[in-house]
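**Student:** any chance you could fold what I've pasted below:
(one chain, ligands or ions: 1)
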Amino acid sequence: MPRLRIPGFGSWGEDPLWATFYDWSVENPRFGRAIWKFGVGTSLDKLYAAAAEIGSLPAGSKVLDVPCGGGVATRGLKPGQNITYIAADISQQMLDKTMAAARERGVADQVHPQVSDVHNLHFADGEFDLVVSFTGLHCFPDPHQAIREIGRVLKPGGHLTGSTLLLDASWRSKPMTVVGKRANLLGPGLTTTQLESWLAEAGLTSIKVDISGAIGYFRAVRR
Ligand SMILES: C[S@@+](CC[C@H](N)C(=O)[O-])C[C@H]1O[C@@H](n2cnc3c(N)ncnc32)[C@H](O)[C@@H]1O
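**Tutor:** Now for the predicted structure:
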C-alpha cells in the first residue's frame, strides 16, 4: 500500500510534528483529557496511574522506559528516589523532551537518555526490575519482536507495565491503524490475543490486560 505524505506526519525517526502534538496532549491534562477521551475513548489518568508505579520502587532499582517519548512516565519518578531510569527512544528529539521534563520534575539526576531501537535493545538479559512501555507497541513495525526484547531485558520476577492500541478493542482501532500506517506513524498493530500470547512466549506470566476505549493497559511479571 502506498505511503501517504501528510504534512506533520511521517516516521517517528523523522520527528514529525505529530510527535510534538502527541507529547503536548499527554503533558497538558487540561486539554489532553478531552483529546484522549474523544480520540481513543479512554482516560489519560489511567496512563498517569500506571506511571505512578515507578515511584514505589526501592533505591537501587533499574527501570527501562521504552519508548519514553517526551517523558510522560517520568512523572512517576520521585526526586531523591535513587533509582536508575533508562529513557530509551528512537528519536533524539523525544529524548531531549524527556530530559527537559525530568529537569522540570527535579528527577534528571536519575534519568539516562539513550537512543535505542526497541527491536534490538542494547541491554543485557535480565537487567531491569521494571520495564514501562506506554502507547508504544502499535507504533512499532514489529511489536512481536519488541515484546521479545522487553521480556529478555527484564530480570526474573521483574515487572512490565504498559499500554497499546489494540486492533480489537474498539471501533476506533482499525481506522486509526489504517490511517496511521499509511502516514508512516503506526505499525501493523496487534490484537488482545496476540498481546497475551506474545507476552507469554517472551517469558511473562500473571498477564493482565485491562481494555479502556481503544487502549489495552497491560501488566505482567517475568518468570
Ligand atoms: C505515541 S509515542 C509514546 C511515547 C510515550 N511512551 C508516551 O506515552 O507518551 C511513541 C514513541 O515511540 C517512539 N518509537 C517509534 N518507533 C520506535 C522504535 N523502533 N524504537 C524505539 N522507539 C520508537 C517514537 O519516537 C515515539 O516517541
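**Student:** with adjacent residues omitted, what lies nearest to residue 121?
**Tutor:** Excluding its sequence neighbours, the residue lying closest to residue 121 (Cβ to Cβ, 6 or more residues apart in numbering) is residue 149, at 4.7 Å. In short, each C-beta sits where N, CA and C put it, glycine included.
**Student:** and for residue 29?
**Tutor:** residue 44 is the one closest to residue 29 (Cβ to Cβ, 6+ apart), at 5.9 Å.
**Student:** over to residue 47?
**Tutor:** Closest residue in space to residue 47, ignoring its immediate chain neighbours: residue 134 at 6.0 Å, by Cβ to Cβ, 6+ apart.
**Student:** the one you found against residue 51, yeah?
**Tutor:** Yes: here residue 134 lies in contact with residue 51, judged by Cβ atoms under 8 Å, at a distance of 7.1 Å.
**Student:** quick one, what contacts the residue nearest to residue 47?
**Tutor:** Counting by Cβ atoms under 8 Å, 6 or more residues apart in numbering, residue 134 touches 47, 50-51, 69, 72-73, 162-163.
**Student:** roughly how far apart are it and the ligand?
**Tutor:** Distance, residue 134 to the ligand, using Cβ to the nearest ligand atom, to the nearest Å: 4 Å.
**Student:** let me know the pLDDT of that residue.
**Tutor:** Taken from the predicted model, the pLDDT recorded for residue 134 is 98.
**Student:** got the residues of the protein near the ligand?
**Tutor:** Residues of the chain lying close to the ligand by Cβ under 6 Å from any ligand atom are 12, 19, 22, 26, 67-69, 72, 89-91, 94, 116-119, 134-136, 139-140.
**Student:** what's around residue 92, how many residues?
**Tutor:** Other residues near residue 92 come to 12 when the count uses other Cβ atoms under 10 Å.
**Student:** leaving out sequence neighbours, find the closest residue to it.
**Tutor:** Distances taken as Cβ to Cβ, 6+ apart put residue 115 closest to residue 92, at 5.9 Å, once the chain neighbours are dropped.
**Student:** wait, isn't the one you found in contact with residue 93?
**Tutor:** No: with contact taken as Cβ under 8 Å, residue 115 and residue 93 are classed as non-touching, separated by 10.5 Å.
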